[in-house]
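Asker: need a 3D model of the sequence below.
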Amino acid sequence: MIRNPNDIQDGAKKIRMLIAGYPGIGKSTLALSAPRPLHIDCDFGIDRIEPRYRMPYIQPRSYDEILNDLKPENLKDFETLVFDTAGKLITLMGLWAIKQNPKYGQRDGSLSLKGYGFVGREFVRLMDYCFYELKKNIVVVFHATEEKDGDNTRLRIKVEGQTKNNVWEPMDLGGFVEMYGNDRTIGFSNCERYFAKGTRGIHGVYKIPALGPGSQNDFLTKLFEEYNSKAAEEVAANAKENEAYEQVMQEGSKIIAGIKDADTVNAAMQPFKNLQHHLTSSRELKPKSQPSVWYSIPPKSSMFLSPQRRHSKWLHTSLLTRCCPRGCTLSGRIPTRI
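Answerer: Residues are numbered from 1 along each chain as shown. Just a heads-up that it's a prediction; the model follows:
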């Protein structure tokens, strides 16, 4: 079904997000600040989270367990699926892949090149299933590792093989968590230090509020609300701009359609200049306002020309510009049509 682009924001959009950072920086607690999360604790690290911030969880020992648990009937009470960590999830996927087909593995038990390709595709398939079929928010947590890039040291997500290229594809947001002084932050814009991903007005570095007794762990819940609010604002602003564009196009076309002779050209000039353009209306109306019509110069018109410009009795004119074939500009009266 072909749809109007202004209909794209139909209610709150589910969001796919990647969080990366050093071990112990608080990634898991941050991920669990998403709305009504199910913690898929692939790392078996829930005991490292403060008890007040823990959420319902599963601790899968195989990828088959994850597939069995992620059924619609099991997830009615949850809005967000948190994969913690996604690096361990990909490891479980690799073991599962080799069981499916031994050619995906090597003698030492690691994945072959084909195996990495298969796991990368399976990761994208799982994200699509959780997003499109289960209709859940997705938060994937990765450890960060440092890589040398010339004289610079950059942060990258810690994941084996070429699957790191597949991880970013489905994500709406991706941020690195770091400490700046005593402040914990998450950055959504690319910089010299890391590659990140921001969309719908979510860009730059956000300060993550410190948690204490009685404080709510709801940073991602508020961020997702901001994301959807800005998306709705963009759609509304675009609809308003399109409406203004249609109106000015109608007004401009009506003015141009009324041009019949020199008098109507003169009468149309000021209203045409007064049009308040939107989007591409100025570029679209300009060619329509410049018909290729030749006019003769009435005797009185010559008084407006310098001696050097009286060489031609023919002038090319349009609604906004008037010139002779040699490019001379005529000011004053519009010449009459032959």
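
Asker: so where's the stretch 151-300 of the chain uncertain?
Answerer: By pLDDT under 70, the weakly predicted segments of the stretch 151-300 of the chain are 287-300.

Asker: the helices in it, which residues?
Answerer: 163-167, 219-257, 262-273, 281-288 (DSSP state H, counting those that start in this stretch).

Asker: dump those helices into JSON lines; add mean neighbour count and distance to residue 136 as well.
Answerer: Any C-beta I mention is one placed from the backbone N, CA and C, and that applies to glycine too. Output for the helices of the stretch 151-300 of the chain, formatted as JSON lines (neighbours: other CB atoms under 10 Å; distance: least, CB to CB, whole Å):
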{"stretch": "helix 163-167", "mean neighbour count": "19", "distance to residue 136": "18"}
{"stretch": "helix 219-257", "mean neighbour count": "16", "distance to residue 136": "12"}
{"stretch": "helix 262-273", "mean neighbour count": "15", "distance to residue 136": "54"}
{"stretch": "helix 281-288", "mean neighbour count": "14", "distance to residue 136": "42"}
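
Asker: figure out which of those helices is closest to residue 77.
Answerer: Nearest of the helices of the stretch 151-300 of the chain to residue 77, taken as CB to CB: helix 219-257 at 15.7 Å.

Asker: quick revisit: could you dump the helices of the stretch 151-300 of the chain into CSV and include distance to residue 68?
Answerer: Below are the helices of the stretch 151-300 of the chain laid out as CSV (distance: least, CB to CB, whole Å):
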stretch, distance to residue 68
helix 163-167, 23
helix 219-257, 27
helix 262-273, 68
helix 281-288, 57
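
Asker: those: which one's closest to residue 47?
Answerer: That would be helix 219-257 among the helices of the stretch 151-300 of the chain, by CB to CB, at 21.8 Å.

Asker: what's the angle between that closest one and helix 281-288?
Answerer: 20 degrees (axes from the mean of the first three to the mean of the last three CA atoms, to 10 degrees).

Asker: for residue 118, which of the helices of the stretch 151-300 of the chain is the nearest?
Answerer: helix 163-167 (9.7 Å).

Asker: packing partners of the closest one?
Answerer: helix 113-128, strand 152-157 (3 or more CB pairs under 8 Å, 6 or more residues apart in numbering; DSSP states H and E).

Asker: worst average pLDDT in these?
Answerer: For the helices and strands packed on helix 163-167, mean pLDDT drops lowest on strand 152-157, to a mean of 87.

Asker: check which residues of that one are buried.
Answerer: Buried residues in strand 152-157, counting neighbours by 16 or more other CB atoms under 10 Å, are found at 154, 155, 156, 157.

Asker: ok, so of those, who is nearest residue 91?
Answerer: residue 157 (13.8 Å).

Asker: quick check: phi and psi at the residue nearest to the spatial centre of the chain.
Answerer: The centre of the chain sits closest to residue 199, judged by CA atoms, centre = their mean, with a distance of 3.9 Å. As for residue 199, its main-chain torsions (degrees, to the nearest 10) stand at phi -140, psi 170.

Asker: so what's it up against?
Answerer: By CB atoms under 8 Å, 6 or more residues apart in numbering, residue 199 lies in contact with 172, 173, 227.

Asker: right, and residue 249 touches residue 282 too?
Answerer: No - when contacts are counted by CB atoms under 8 Å, residue 249 is not listed as touching residue 282 (10.4 Å).

Asker: any idea how far residue 228 is from the residue nearest to the centre of the chain?
Answerer: 12 Å (CB to CB, to the nearest Å).

Asker: ok, and the closest non-adjacent residue to residue 59?
Answerer: residue 41 (4.8 Å; CB to CB, 6 or more residues apart in numbering).

Asker: what's the neighbour count on that neighbour?
Answerer: A total of 22 residues lie near residue 41 under the criterion other CB atoms under 10 Å.

Asker: isn't it right up against residue 57?
Answerer: Yes - counting by CB under 8 Å, residue 41 does reach residue 57; the two are 4.9 Å apart.

Asker: quick one: low-confidence residue ranges for the stretch 1-150 of the chain.
Answerer: In the stretch 1-150 of the chain (pLDDT under 70), the answer is 1-11.

Asker: picking up where we left off before, CSV for the contacts of residue 199, including distance to residue 114?
Answerer: Formatted as CSV, these follow (distance: CB to CB, whole Å):
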residue, distance to residue 114
172, 30
173, 31
227, 37
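
Asker: residue 200 reaches residue 235, doesn't it?
Answerer: No - here residue 200 lies out of contact with residue 235, judged by CB under 8 Å, at a distance of 10.3 Å.

Asker: now the end-to-end length of stretch 273-280.
Answerer: End-to-end distance for stretch 273-280, by CA to CA, to the nearest Å: 15 Å.
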